[in-house]
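Novice: I'll drop the sequence and a predicted model, then ask my questions.
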Amino acid sequence: MSYIKRFMLLGLGFLAVLSACQKEISCTLSESNIELAYTGTPLKVYLSSSVSWKIEVPTDAQWLQITPLSGPAGEEIELTLKAQPNEKRVRKTQLTVRCGSRILDLSVLQQPLNVEEYTYTVLQRHTQGTYPNEVIILGDGYSALDYGTEGPFNKDAYDAMEAFFSVEPFSTYRSYFRVAQFVVFSPQSGITERDKKTEVRTAFGVRFDEPYVMTMDDPNLVFKAVMRIPGMTMERISNTLFILLANVDRYGGLCWQYGDGSAIALCPVCRTSAHGGYALFADLIHHEAGGHGFGRLVDEYITHPGETLPDEATSASPHRHKKELQERKYFGYAFNVDISGDKEQAPWAHYYTLPGYQAVGYYEGAYFYEKGAWRPEQRSCMVDNRPYYNAPSRESIVKLLLRRAAGVRLYDYLYQSSSGTYEVVPIPNDPFNMEDFMRNDMKKAWSAPMPLPADTRSGQSFIPTQPVRFIPGSPLD
């Protein structure tokens, strides 16, 4: 019995020592359950262990990376968990953390991208007017993953909307607009830049051919895509501004205008431009989308110093001449430039004696030519992208948005079949009147100092984007 008692006492002592050793092992995790974004963006978990440790990963969790997988004892050991992008289904696994004889479980979940292609989402609803002035923002060079909550598209679209309304008169009349975004997946992220020998497969084929020169071979691809939006018709297209964001941080821009009023404003997401002056994302939205696309304004800068705007098409200027400009005016375009040469005949002559509008005058040099075309003010968005539209431009914008909201004819000219000419015909129940416009006109002149003038693409403070592509008729014709 004494032998058995001694054996039992030794066994009890061993168990006591083992229990004491186990109690001495400390092993804790800052989290026991974590959820990774569909993009796989890394997350941190912190481990504290009084002994060396290791992590065991199931063989079916190859989508997950953990670093480090083992190490010595320590406090607040940083573990980084990163996953591959997830476009399809929910992923989940359970990791085993071994600290000596201690075992902890760490559950990992990754949700997939939950955005469907061709989703139309309203960002802002109109609260004034019978009919909305509609703006739809879509993108090229945004892959499926770029449309999720952590992808760039949502922020880019929101920033484009806010930039659009950051300038008068859009700020004051914001409640007349409905703004939406539309999802179109590109096979790859980014934009083709041929001058940099970079090829990217995108939904609409937007590209840079050379510095500041961007284009798209077939703008009808955009119109075909938006026809998937419920309730979209050709009439609605003709009353909608489409802002096409190019997923590239680079300066450029282009606008397609159609005779029926349809417009696509192509704007790269230029956030870190090396150029001086007004050359960032918001500035491009002001010029291409607000000025050309919605306001139907033409450029007021000069790229042909010392030259005169020709009366008709020439071999040197087949698309930029007085006849072409006058034809655009019949469709409500180009009321910020005059070609008569007579100050008193300018469409903005009524401003000369109005209080607060001393900046309005008759300045030669517009529509790319130093002579033969006149602009109403020295400073304006259509001169150099600055966040300011001159007074006649603001008037033209307000006329368009109020008339569209009321459902009446948008422009003053009507074709007269009896004479075969276009003539100014009063608009019945026209909601625009000059008194209301002046009362609501919040910024009547540009007050900041004027930067150095710029007339060419090389080495100046302002570099023009691509000239507007004006296409008579309608898209998809």
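Specialist: On my side now, so go ahead.
Novice: Please make it C-alpha for all contacts and neighbour counts, starting now.
Specialist: OK.
Novice: Helices along the stretch 301-450 of the chain, start to end?
Specialist: 322-329, 381-384, 391-406, 434-440 (DSSP state H, counting those that start in this stretch).
Novice: Pull out the buried positions in stretch 224-236.
Specialist: By neighbour count with 16 or more other C-alpha atoms under 10 Å, stretch 224-236 contains the buried residues V226.
Novice: try stretch 334-352
Specialist: Of the residues in stretch 334-352, those buried (16+ other C-alpha under 10 Å) are A334, F335, N336, V337, D338, I339, K343, A346, W348, A349, Y351, Y352.
Novice: out of those, which one sits closest to R194?
Specialist: Minimum distance to R194 across those is 32.7 Å, recorded for A334 (C-alpha to C-alpha).
Novice: Could you pull up phi and psi at the closest one?
Specialist: Dihedral pair for A334: phi 70, psi 30, per degrees, to the nearest 10.
Novice: Hmm, it is touching E327, no?
Specialist: No. Counting by C-alpha atoms under 8 Å, A334 sits too far from E327 to count as a contact (9.6 Å).
Novice: Return the alpha-carbon coordinates of stretch 428-436 using PDB.
Specialist: What follows is stretch 428-436, C-alpha atoms only, in PDB (Å, rounded to 0.1, in the frame of the first residue of the first chain):
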ATOM      1  CA  PRO A 428     -45.700  80.500 -75.500                       C
ATOM      2  CA  ASN A 429     -45.700  80.400 -71.700                       C
ATOM      3  CA  ASP A 430     -42.000  81.000 -71.500                       C
ATOM      4  CA  PRO A 431     -41.000  80.600 -67.800                       C
ATOM      5  CA  PHE A 432     -37.900  82.800 -68.300                       C
ATOM      6  CA  ASN A 433     -38.000  86.400 -67.600                       C
ATOM      7  CA  MET A 434     -35.000  88.800 -67.100                       C
ATOM      8  CA  GLU A 435     -36.200  90.300 -63.800                       C
ATOM      9  CA  ASP A 436     -36.300  86.900 -62.100                       C
END
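Novice: Could you pull out the buried residues of it?
Specialist: P431, F432.
Novice: Point out where the stretch 1-150 of the chain drops to low pLDDT.
Specialist: Under the criterion pLDDT under 70, the flagged ranges of the stretch 1-150 of the chain are 1-23.
Novice: show me where it has strands.
Specialist: Here the stretch 1-150 of the chain has its strands, by DSSP state E, counting those that start in this stretch, at 27-29, 33-36, 43-49, 53-56, 64-67, 70-71, 74-83, 91-99, 102-110, 120-124, 133-140.
Novice: nearest to G372, of the helices of the stretch 301-450 of the chain?
Specialist: Using C-alpha to C-alpha, those put helix 322-329 closest to G372, at 8.6 Å.
Novice: In that closest one, which residues are buried?
Specialist: By neighbour count on 16+ other C-alpha under 10 Å, the buried set for helix 322-329 is K322, L325, Q326, R328, K329.
Novice: can you put the residues you listed in TSV and add pLDDT and distance to S189?
Specialist: Formatted as TSV, these follow (pLDDT from 0 to 100; distance: C-alpha to C-alpha, whole Å):
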residue	pLDDT	distance to S189
K322	93	42
L325	91	38
Q326	90	41
R328	89	37
K329	90	39
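Novice: Show me where the stretch 251-400 of the chain dips below the pLDDT cut-off.
Specialist: The low-confidence ranges in the stretch 251-400 of the chain, as defined by pLDDT under 70, are 273-277.
Novice: what do you get if the cut-off is 50, keeping everything else the same?
Specialist: Within the stretch 251-400 of the chain, no range satisfies pLDDT under 50.
Novice: Quick check: L138 vs R379, distance?
Specialist: 31 Å (C-alpha to C-alpha, to the nearest Å).
Novice: same question but for Q466, I mixed them up
Specialist: The value you get for Q466 to R379, if C-alpha to C-alpha is used, is 20 Å.
Novice: and the two? which has more neighbours close in?
Specialist: A direct count of neighbours by other C-alpha atoms under 10 Å for Q466 and R379 places R379 higher, at 24 against 15.
Novice: Would you map the strands across the stretch 351-477 of the chain?
Specialist: Applying DSSP E, counting those that start in this stretch to the stretch 351-477 of the chain gives strands spanning 363-366, 368-375, 413-416, 421-424, 469-471.
Novice: so what secondary structure elements neighbour the first one?
Specialist: Taking 3 or more C-alpha pairs under 8 Å, 6 or more residues apart in numbering; DSSP states H and E as contact, the helices and strands that strand 363-366 lies on are strand 368-375.
Novice: which residues touch the strand it packs on?
Specialist: 299-310, 336-341, 361-367 (C-alpha atoms under 8 Å, 6 or more residues apart in numbering).
Novice: Now that S50 has come up, it's in contact with G71, right?
Specialist: No. S50 is not in contact with G71 according to C-alpha under 8 Å; the separation is 11.2 Å.
Novice: on that earlier part again, would you convert the strands of the stretch 1-150 of the chain into a markdown table that also reports distance to S419?
Specialist: Output for those, formatted as a markdown table (distance: least, C-alpha to C-alpha, whole Å):
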| stretch | distance to S419 |
| --- | --- |
| strand 27-29 | 86 |
| strand 33-36 | 70 |
| strand 43-49 | 73 |
| strand 53-56 | 86 |
| strand 64-67 | 75 |
| strand 70-71 | 88 |
| strand 74-83 | 71 |
| strand 91-99 | 71 |
| strand 102-110 | 69 |
| strand 120-124 | 45 |
| strand 133-140 | 33 |
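Novice: do you know which of those strands lies nearest C267?
Specialist: The closest of these to C267 is strand 133-140. By C-alpha to C-alpha, the value is 9.4 Å.
Novice: Taking strand 133-140 as reference, get the angle to the next helix or strand after that closest one.
Specialist: Beyond strand 133-140 in the direction of the C-terminus, DSSP states H and E gives the next helix or strand as helix 152-164. Helix 152-164 and strand 133-140 are oriented at 140 degrees to each other (axes from the mean of the first three to the mean of the last three C-alpha atoms, to 10 degrees).
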